[in-house]
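K.L.:
Okay, sequence plus prediction incoming.
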Amino acid sequence: MFDLNDFILRKAKELGFGDVVVLGYETNRRQVRFANNEITVAKYWHERKVELFVEKDKRIANTTITELSRENIERVLKTLKKNIEGLSPKEDYYGIAEGPFRYEDIPETFDKSIVELDEPNEYVERAINAALERGARRVAGVLYTDHDRIYLTTSNGVEAFDEGTGIEISVRAFIGDLESGHGTNSVRVLRKFDPESAGRKAGEIASLARNPEQGPEGRFDVIFDPLAFANLLSYMSFMTSAYAAEAGFSPFVNRLGQKVANEIVTVKDVGNLPNGYGTRKFDDEGVPTRETTIIENGTFRTFLLNTSLARKYGVETTANAGLIMPHAWNIVLEPGDYSREELFGEVKRGIYITNVWYTRFQNYVTGDFSTIPRDGIFLIENGELKPIRNIRVSDNLLGILDRVKAMGRETHHVHWWEVRTPVTAPYVLVKDVGITRATK
């Protein structure tokens with residue numbers, strides 16, 4: 001792939017492009033789907049592609065090339081040149097990072113055992129059995145294994161390589177049509193994979209959720225399961241990108257140095273997190289990834305930046321470059337000091353939400369959103385959990401962060417199709433959350 005990268009870079013420079021970033025990917029992915037307690041589908045993908053960023057006279061463009069013959073690559077480059085000449089210059093473009101850089105190995109991001117894993121079915125069976133043992137009647141879900149190689153070459157002297165693996169499972173357990181639970185487990189090394197934990201959690205929640213009644217409306221203290229709060233933090237991570245802020249999709253605009261959350265809330269992006277599902281050695285410009293504190297004790301400290309945006313605002317890049325938009329790698333919410341039992345003991349009458357989906361923002365600038373709890377939902381009354389259904393969370397993202405009252409001491413790393421940016425989060429207690437009745 002580096003030979004191909006060099007060919008693309010050389011041809012791009014011959015055509016007069018200035019800044020050029022060539023990202024080559026080799027991906028091997030396996031999927032095992034299961035339903036009704038049995039494996040139903042097994043698939044395998046192998047993909048090679050190049051993501052390309054080019055600049056000429058402050059005009060920028062990017063594209064993805066999947067047909068990697070040299071003839072096609074030359075056609076794509078000539079088309080890019082023709083198209084880019086019709087664009088207006090981006091006057092606030094300030095270039096890409098200047099290499100070379102040194103990279104350190106990040107622990108627990110590559111495991112040969114995952115590459116050589118022939119039969120992942122046993123892990124699926126262990127998850128199914130764990131859910132059934134906790135009372136589930138039907139179990140469904142999906143397991144993925146991943147093996148990725150990344151080859152980066154830029155016009156500013158960067159040549160970098162990273163290789164990673166991962167294995168993750170998402171498990172849903174069912175009792176009847178209205179009772180379900182969800183559990184996940186995502187890791188980068190096989191010895192830390194715990195599919196049983198996902199199955200157990202899904203089965204336990206489904207068993208507790210029997211015969212749910214219509215949920216109440218109003219404002220309630222809510223305990224968000226890590227799976228549910230990770231969904232909100234994943235959306236928040238997008239809004240902390242400087243690109244999203246400039247595009248008008250963020251409530252954090254003009255809030256640098258201001259209080260945006262309760263003082264017990266500290267949120268970081270950790271690009272070099274060991275065993276983090278989004279961890280990489282370098283961003284898309286080649287800058288070594290690192291830890292960046294976004295919210296510190298309730299105060300908003302920084303947007304996520306690439307080199308161009310950092311130079312525009314006179315600061316340093318946070319090593320979060322995508323080809324166009326800066327983005328988070330692994331969001332980490334620092335835990336509190338409550339046990340799970342102590343956290344639930346803080347709630348006399350409230351709601352426990354185990355999972356959410358269909359999160360939608362009515363206003364990105366203010367942060368107004370709604371999201372639908374799914375799987376087990378419970379009314380908490382004097383320490384007892386009573387199953388409920390058919391409610392919606394209707395609130396404000398900054399309001400949620402400001403009203404965080406307490407957090408658990410144990411964290412959980414969450415990554416599945418509703419949480420595309422990996423999030424590490426504890427159980428979180430939030431005061432006075434808006435609850436409405438969901439429409440059918």
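P.N.:
Noted; the coordinates are in hand.
K.L.:
Sketch out the helices for the stretch 301-440 of the chain, chain order is fine.
P.N.:
307-313, 340-345, 397-402 (DSSP state H, counting those that start in this stretch).
K.L.:
Now name the helix or strand holding residue 166.
P.N.:
Using DSSP states H and E, residue 166 sits in strand 159-174.
K.L.:
for residue 42, same thing?
P.N.:
strand 38-56.
K.L.:
follow-up on the earlier one: could the helices of the stretch 301-440 of the chain be laid out in CSV, adding mean neighbour count and mean pLDDT?
P.N.:
C-beta: built from backbone N, CA, C; applies to glycine. Converted to CSV, the helices of the stretch 301-440 of the chain look like this (neighbours: other C-beta atoms under 10 Å; pLDDT from 0 to 100):
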stretch, mean neighbour count, mean pLDDT
helix 307-313, 20, 97
helix 340-345, 14, 95
helix 397-402, 22, 98
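K.L.:
now for these, which one comes closest to residue 32?
P.N.:
The minimum distance between residue 32 and the helices of the stretch 301-440 of the chain falls on helix 340-345, with 30.6 Å, by C-beta to C-beta.
K.L.:
Quickly run through the sheet partners of the strand holding residue 42, with directions.
P.N.:
Partners of strand 38-56 in the sheet, by DSSP bridges, are strand 20-35 (antiparallel), strand 59-65 (antiparallel).
K.L.:
Return the distance of the strand holding residue 166 from the chain's centre.
P.N.:
12 Å (C-alpha atoms, centre = their mean, to the nearest Å).
K.L.:
quick check: angle from whichever helix or strand comes after that strand to strand 159-174?
P.N.:
Using DSSP H and E, the helix or strand that follows strand 159-174 in sequence is strand 180-187. If you take axes from the mean of the first three to the mean of the last three C-alpha atoms, to 10 degrees, strand 180-187 sits at 160 degrees to strand 159-174.
K.L.:
just how off-centre is strand 180-187 within its chain?
P.N.:
Centroid separation between strand 180-187 and its chain, computed with C-alpha atoms, centre = their mean, is 15 Å.
K.L.:
can you check stretch 55-72 too?
P.N.:
Distance of stretch 55-72 from the chain centroid (C-alpha atoms, centre = their mean) equals 27 Å.
K.L.:
Could I have the CA atoms of it written out in PDB?
P.N.:
What follows is stretch 55-72, C-alpha atoms only, in PDB (Å, rounded to 0.1, in the frame of the first residue of the first chain):
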ATOM      1  CA  GLU A  55      -5.500  21.200  -1.900                       C
ATOM      2  CA  LYS A  56      -4.600  23.700  -4.700                       C
ATOM      3  CA  ASP A  57      -4.500  27.400  -4.200                       C
ATOM      4  CA  LYS A  58      -6.600  27.000  -1.000                       C
ATOM      5  CA  ARG A  59      -9.200  25.000  -2.800                       C
ATOM      6  CA  ILE A  60      -9.800  21.700  -1.100                       C
ATOM      7  CA  ALA A  61     -11.500  18.400  -2.000                       C
ATOM      8  CA  ASN A  62     -11.500  14.800  -0.800                       C
ATOM      9  CA  THR A  63     -12.700  11.500  -2.300                       C
ATOM     10  CA  THR A  64     -12.500   7.800  -1.700                       C
ATOM     11  CA  ILE A  65     -11.000   5.400  -4.300                       C
ATOM     12  CA  THR A  66     -12.000   1.800  -4.200                       C
ATOM     13  CA  GLU A  67     -10.800   0.700  -7.700                       C
ATOM     14  CA  LEU A  68      -7.100   0.900  -7.200                       C
ATOM     15  CA  SER A  69      -5.700   0.400 -10.600                       C
ATOM     16  CA  ARG A  70      -3.100   3.000 -11.500                       C
ATOM     17  CA  GLU A  71      -5.200   4.000 -14.600                       C
ATOM     18  CA  ASN A  72      -8.200   4.700 -12.500                       C
END
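K.L.:
Tell me the confidence at residue 440?
P.N.:
Residue 440 carries a pLDDT score of 56 in this model.
K.L.:
Do I have it right that residue 164 meets residue 276?
P.N.:
No. Contact status for residue 164 versus residue 276: not in contact, 10.1 Å apart, counting by C-beta atoms under 8 Å.
K.L.:
which neighbours do these two share?
P.N.:
109, 188 (C-beta atoms under 8 Å, 6 or more residues apart in numbering).
K.L.:
if we can go back for a sec, who does the strand holding residue 166 touch, helix- and strand-wise?
P.N.:
Under the contact criterion of 3 or more C-beta pairs under 8 Å, 6 or more residues apart in numbering; DSSP states H and E, strand 159-174 touches helix 2-14, helix 112-115, helix 121-133, strand 138-154, strand 180-187, helix 195-208, strand 412-416.
K.L.:
let's go with 10 Å and repeat that
P.N.:
helix 2-14, strand 20-35, helix 112-115, helix 121-133, strand 138-154, strand 180-187, helix 195-208, strand 412-416 (3 or more C-beta pairs under 10 Å, 6 or more residues apart in numbering; DSSP states H and E).
K.L.:
report the angle between the axes of that strand and strand 412-416?
P.N.:
Here strand 159-174 runs at 90 degrees with respect to strand 412-416, directions being taken by the same axes, to 10 degrees.
K.L.:
What strands line up against strand 159-174, and which way round?
P.N.:
Paired strands of strand 159-174, with direction, are strand 138-154 (antiparallel), strand 180-187 (antiparallel) (DSSP bridges).
K.L.:
Which one of the ones you listed lies nearest to residue 45?
P.N.:
Residue 45 lies closest to strand 138-154 among those, at 9.9 Å (C-beta to C-beta).
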